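A.B. asks: Can you look at this prediction? I've put the sequence above it.
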Amino acid sequence: MTGLFIGILCFTHDGLCQKRAQRVGPEQKSEGGPCDTTAWKLVFHDEFNGNALNKEVWRTWFPYSHDGSDQCEGCRIMGTSNTIFRDDLVTVSGGSLRLGVRAREGEWYGLRKQHEGGMVHTKDQAKFTYGRFEARCRIPNAKGLWPAFWGFGGETEIDVLECCGEESRILKGALHQWGATKRSSSGKHKSIDLSRDYHTYAVEWDLDGVTWFLDGKPVIYRGRFVDKRGKALPACDRAPGTHATAPYFPRGTDAMNIIFDLAISAPGSFCKGPKTATEWPSEATMDIDYVRVYQRRPQTGQRDLCNVAREILSDASGALMPGQERRFRINGPHGATQWLCSEGLVIARSDADGAVVQVKAGTSGPQWLRAECPDDPCLRGPLMLEAAVEVGP
């Protein structure tokens with residue numbers, strides 16, 4: 001009788017039932033239990049400390065063609081944006097990945113757009129199920145710009161960061177399930193003007209919950225289990241039982257690639273995009289300092305990158321003689337690094353991978369070389385390493 005009543009209710013109030021179906025899915029048994037406090041382990045990162053994009057890791061288009069090339073309608077155009085993504089609007093310098101925009105009309109597979117933007121998409125080996133997805137970046141604030149940091153794979157999409165240039169105080173996050181029936185849930189967090197400085201954006205995707213973080217503070221939450229009204233239940237410290245599921249929650253069988261893009265919204269779409277081509281100021285860029293992915297238990301094909309003895313290594317052995325130079329590097333992952341040395345040495349040059357050291361005239365005996373990283377991806381804090389350098393007579 002109850003089932004018949006619900007059926008009549010859904011028949012007579014179809015819109016009501018459709019809205020409920022967006023929030024409340026089939027019931028499942030829940031084991032409950034305590035929160036998982038296993039430490040996060042670094043499995044992927046790019047600190048963008050070089051002078052070019054790492055093409056072994058990143059593409060500058062959506063690889064949705066039959067062969068992964070950019071030869072498809074959706075490979076350089078995204079949804080309701082007014083943008084074609086172009087390679088030359090993706091640059092790496094000064095320790096950041098920069099995505100740019102420009103007002104230039106063009107056509108891609110018969111679709112005309114008024115603007116161009118930049119985007120990057122990890123290649124197939126960089127796909128992740130569950131984890132902490134984190135980036136430090138600065139967003140622009142010009143009207144109609146649509147910066148985003150997100151993950152996509154299978155039928156699952158997690159939007160870690162979406163903002164509109166005209167509302168740069170509002171962080172938007174969302175979950176989407178792109179199955180036969182689309183299910184979505186989005187949230188907003190009002191903050192300071194996020195375009196004025198770099199901020200750290202992150203999502204932690206666990207078995208029973210997804211939490212968004214802004215500068216280390218949780219700001220949005222969605223749970224795998226919900227009550228009868230669709231309100232999220234806690235991800236952990238929950239009593240065992242049977243609960244309805246959230247139909248938009250990420251599938252544990254999907255693995256996501258990492259994507260950053262800077263697009264211009266179409267008028268009346270996600271953001272208030274301009275109705276005509278608009279020149280953009282030089283500061284209308286999305287600048288990414290780093291991206292890092294952590295997992296509590298590295299999935300098949302991934303490993304704990306920090307499970308190494310991190311130390312300063314030399315490219316040669318023996319004492320360093322006057323008039324010689326020698327290259328040193330850090331073994332293992334690290335962030336942007338400042339190199340320091342004792343008075344008898346000189347840092348001749350340094351780059352993302354290491355430093356070249358020379359000996360000052362008249363120097364002999366023991367010296368030292370130090371590497372300081374203020375934001376180490378393993379410690380998620382400062383790192384300091386020091387090595388002894390012996391200088392010959």
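C.D. replies: All right, it came through fine. Residues are numbered from 1 along each chain as shown.
A.B. asks: All the strands of the stretch 251-393 of the chain, residue numbers only.
C.D. replies: 256-264, 286-295, 312-314, 325-330, 338-341, 345-350, 354-359, 365-376, 381-391 (DSSP state E, counting those that start in this stretch).
A.B. asks: Okay, now the sheet partners of the longest one, with direction.
C.D. replies: Applying DSSP bridges to the sheet, strand 365-376 is found paired with strand 338-341 (antiparallel), strand 381-391 (antiparallel).
A.B. asks: Ok, which of the strands of the stretch 251-393 of the chain comes nearest residue 213?
C.D. replies: Each of these has some distance to residue 213 by C-beta to C-beta; the shortest is strand 286-295, at 12.2 Å. Heads up, the C-betas are built off the backbone N, CA and C, glycines and all.
A.B. asks: which strands and helices sit next to the closest one?
C.D. replies: Using 3 or more C-beta pairs under 8 Å, 6 or more residues apart in numbering; DSSP states H and E, the elements in contact with strand 286-295 are strand 41-46, strand 96-99, strand 131-138, strand 145-153, strand 256-264.
A.B. asks: These: which one's closest to residue 114?
C.D. replies: Across the helices and strands packed on strand 286-295, closest to residue 114 is strand 256-264 (C-beta to C-beta), at 7.6 Å.
A.B. asks: May I have the closest one exported as CSV, CA atoms only?
C.D. replies: Output in CSV follows, covering the C-alpha atoms of strand 256-264 (Å, rounded to 0.1, in the frame of the first residue of the first chain):
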residue,chain,number,x,y,z
MET,A,256,40.0,10.7,-12.8
ASN,A,257,42.6,12.7,-14.8
ILE,A,258,43.5,16.1,-13.5
ILE,A,259,42.5,19.2,-15.5
PHE,A,260,43.1,22.9,-15.3
ASP,A,261,41.6,25.4,-17.7
LEU,A,262,40.9,29.1,-18.2
ALA,A,263,37.8,29.6,-20.4
ILE,A,264,35.5,32.5,-21.3
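A.B. asks: Could you give the average pLDDT over that strand?
C.D. replies: Confidence over strand 256-264 (mean pLDDT, whole number) is 98.
A.B. asks: got the angle for that strand vs strand 286-295?
C.D. replies: 160 degrees (axes from the mean of the first three to the mean of the last three C-alpha atoms, to 10 degrees).
A.B. asks: Including distance to residue 86 and mean neighbour count, could the helices and strands packed on strand 286-295 go into a markdown table?
C.D. replies: Shown next, in a markdown table, are the helices and strands packed on strand 286-295 (distance: least, C-beta to C-beta, whole Å; neighbours: other C-beta atoms under 10 Å):
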| stretch | distance to residue 86 | mean neighbour count |
| --- | --- | --- |
| strand 41-46 | 21 | 22 |
| strand 96-99 | 10 | 23 |
| strand 131-138 | 20 | 22 |
| strand 145-153 | 16 | 25 |
| strand 256-264 | 11 | 25 |
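A.B. asks: Now render the ones you listed as JSON lines, adding distance to residue 22.
C.D. replies: Formatted as JSON lines, the helices and strands packed on strand 286-295 follow (distance: least, C-beta to C-beta, whole Å):
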{"stretch": "strand 41-46", "distance to residue 22": "32"}
{"stretch": "strand 96-99", "distance to residue 22": "32"}
{"stretch": "strand 131-138", "distance to residue 22": "24"}
{"stretch": "strand 145-153", "distance to residue 22": "20"}
{"stretch": "strand 256-264", "distance to residue 22": "22"}
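A.B. asks: for those strands, which one sits closest to residue 193?
C.D. replies: For residue 193, the closest of those is strand 131-138, at 11.2 Å, according to C-beta to C-beta.
A.B. asks: Point out the other helices and strands that that closest one packs with.
C.D. replies: Applying 3+ C-beta pairs under 8 Å, 6+ apart, one finds that strand 131-138 contacts strand 145-153, strand 156-162, strand 199-205, strand 256-264, strand 286-295.
A.B. asks: Could I get the buried residue list for the next helix or strand after the second one?
C.D. replies: Per DSSP states H and E, strand 156-162 leads on to strand 170-178 as the next helix or strand towards the C-terminus. Of the residues in strand 170-178, those buried under the neighbour-count criterion (16 or more other C-beta atoms under 10 Å) are 171-177.
A.B. asks: ok, now stretch 363-377?
C.D. replies: Quick answer for stretch 363-377 (16+ other C-beta under 10 Å): 363, 367, 369, 371, 373, 375-377.
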